[in-house]
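[1] any chance you can model this:
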Amino acid sequence: MLDDDTLQPTAFFDFDTDAIKGFVDDALRDVDDDDIARACALYLKVRDGIRYNPYVFKSDPKTFSASHVVDEGVSYCIPKAVLLGACARAVGIPSRLGLANVKNHLSSPQLIEFLQSDIFAMHGFIELFLDDKWVKATPAFDAALCERMGVVPLEFDGRHDSIFHEFTEDGLQHMEYLDDHGTFDDVPHAFIMQELERHYPHLFAAARARKADEERSLQADLEANTSSS
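    Predicted coordinates for the structure are as follows:
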């Protein structure tokens, strides 16, 4: 029996917002009234309509919401998966978020240096309930990016799992799934942050340092000097 929570709006799967309603309407214009046809159309809209860029990551919970992704027009794997899930729920297709750690063999040297690792923790995909079964869909890499990387854009037919290609067109290994964290009816934001900080502590330390610098002021310095005198 399906969990009703896989059809409900939440602060993250916020398909009851105008942004998502408009996005869905645009994606499904002239699409047959069939769950698989609609799921495939929504997948393509999210995959290619939202540019992939992992550098836009922020810890702020609102940046994980579907409506935020539509407003920005650029995101990375988890919010793009959430957007597809929210769009699916909007048309009555149950969805849930999947999270896994993956090893990316074709990432840019700059991104690996930034992360100090070729392990991508908390990679996000979505599961949709179609034809009485759950199928995986991964709308992260847009077609334009895939072309630049020499990778065929990942297709989704609504009937079979669609996760990252194991190999590029020329036979090089692309993406390897390592640890499966399971599926979630909503975004487990605290868990995601905990795991990301465990894998990339330097990024969180740098963010805290930046925040501390931003909060500094001459007034605060004067107050501190006054209280210590």
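
[2] in the chain, which segments are predicted with low confidence?
    By pLDDT under 70, the low-scoring segments of the chain are 1-3, 105-107, 165-174, 210-229.

[3] which strand of it spans the most residues?
    strand 119-130 (DSSP state E).

[4] name the residues of the helix or strand just after that strand that are buried.
    The helix or strand immediately downstream of strand 119-130 is strand 133-137, counting by DSSP states H and E. Judged by neighbour count (16 or more other CB atoms under 10 Å), strand 133-137 contains these buried residues: W134, V135, K136, A137. Just so you know, the C-beta spots here come from the backbone N, C-alpha and C atoms, and that holds for glycine as well.

[5] in a helix, D30, correct?
    No: judged by DSSP: H, G, I helix; E, B strand; the rest coil, D30 forms no part of a helix; its state is coil.

[6] which residues touch it?
    By CB atoms under 8 Å, 6 or more residues apart in numbering, no residues touch D30.

[7] what strand or helix carries I36?
    helix 35-49.

[8] stretch 182-191: how far from the chain's middle?
    Between the centre of stretch 182-191 and the centre of its chain there are 12 Å (CA atoms, centre = their mean, to the nearest Å).

[9] give the buried residues for it.
    Buried, per 16+ other CB under 10 Å, within stretch 182-191: T183, F184, D185, D186, V187, P188.

[10] try stretch 152-164
    Buried residues in stretch 152-164 (16+ other CB under 10 Å): L154, F156, G158, S162, I163, F164.

[11] quick check: the fifth one touching K136?
    Yes: using CB atoms under 8 Å as the test, I163 is close enough to K136 to be in contact (5.6 Å).

[12] quick one: common contacting residues for the two?
    F125.

[13] identify the bridge partners of S95.
    L128 (DSSP bridges).

[14] where exactly do the strands run in this protein?
    51-52, 74-75, 95-104, 119-130, 133-137, 175-184.

[15] what does the first one rub up against?
    For strand 51-52, the surrounding residues in contact (CB under 8 Å, 6+ apart) are G73, V74, S75, Y76, C77, K80, A140, F141, D142, A144, L145.
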